[in-house]
Every structure is written in structure tokens, then in C-alpha cells.
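Student: Got a predicted model here, sequence first, then my questions.
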Amino acid sequence: MSRRTGGGLPSFVGAAVLGLAGGWVLARSRHTANRHGLFSSSAWRRFAALGWIERHGDATVIPVLRDYLAWERHTPLLARGRKVLAVLETGAA
């Protein structure tokens, strides 16, 4: 019988670090895509961006959301944007 040498732990730690770094990069790219989607020409992207802001937004996005409400012309998205703004303002108070 042969014995295994202790090379498993460094490999595991290395894989864990690479996984965390990859997850961080993916999360940053999704954050950027969702943030820029608010002023997209696609109504579906704007709808998705509003949902993302509602779940992950904080008081720092309130001015951007007000700019969006002044810019948006699609009535259902305008109503959803007002709802998201109210939720964020209530949470910020």
C-alpha cells in the first residue's frame, strides 16, 4: 500500500481562492450591467434594473432613480420606478 502525501490542503485552498475571486468578478459585472440597464433603450432591461435596485439598492441610488423618473416615458415603468423610489426613501428614513 502506498501512502498519499499531504498535497490536498494546498490544492483545496487554491481552488477556494480562485472560486472566490471568480465569484467576485462575476458579481461586479452583474452589478455594473444592472446599474447601466436603468437607462437602456430596452424596456425589459430597465424593468430588470428596477427590480435589482429594489432588492439591492440603498440611499445612494435615490438621486439616480429621480433622474430616471424624469427621463422615463413608459407609463408602467414609471409607476414601478415610483414604487421603488418610495421603498428606498422609506428604508433610508
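Tutor: Looks like it arrived, so ask away.
Student: Can you classify Arg73 as helix, strand or coil?
Tutor: Three-state call for Arg73 (DSSP: H, G, I helix; E, B strand; the rest coil): coil.
Student: Just read off the phi/psi values of it.
Tutor: phi -120, psi -10 (degrees, to the nearest 10).
Student: Thr60 too?
Tutor: Torsion angles, degrees, to the nearest 10, at Thr60: phi -70, psi -20.
Student: Spatially nearest residue to Leu77, not counting backbone neighbours?
Tutor: For Leu77, ignoring the flanking residues on the chain, the nearest one in space by Cβ to Cβ, 6 or more residues apart in numbering is Arg46 at 5.6 Å. (Glycine included, C-beta is placed from N, CA and C.)
Student: tell me which element the one you found falls in.
Tutor: Assigned by DSSP states H and E, Arg46 belongs to helix 43-56.
Student: give me the number of residues near Ala43?
Tutor: 12 (other Cβ atoms under 10 Å).
Student: Does it touch His74 like I think?
Tutor: Yes. The pair formed by Ala43 and His74 meets the contact definition of Cβ atoms under 8 Å, at 5.8 Å.
Student: What residues does Ile53 make contact with?
Tutor: With contact set as Cβ atoms under 8 Å, 6 or more residues apart in numbering, Ile53 has these partners: Asn34, Leu38, Val61, Leu65, Val84, Leu88.
Student: Make JSON lines from these and add pLDDT to it.
Tutor: Shown next, in JSON lines, are the contacts of Ile53 (pLDDT from 0 to 100):
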{"residue": "Asn34", "pLDDT": "58"}
{"residue": "Leu38", "pLDDT": "90"}
{"residue": "Val61", "pLDDT": "89"}
{"residue": "Leu65", "pLDDT": "93"}
{"residue": "Val84", "pLDDT": "94"}
{"residue": "Leu88", "pLDDT": "92"}
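Student: Which one (most neighbours) among those?
Tutor: Going by other Cβ under 10 Å, Val84 tops the contacts of Ile53 with 23 neighbours.
Student: residue contacts, the residue nearest to it when sequence neighbours are not counted?
Tutor: What sits nearest to Val84 in space, not counting adjacent residues and going by Cβ to Cβ, 6+ apart, is Glu54, at 4.6 Å. Shown in contact with Glu54 (Cβ under 8 Å, 6+ apart): Lys83, Val84, Val87, Leu88.
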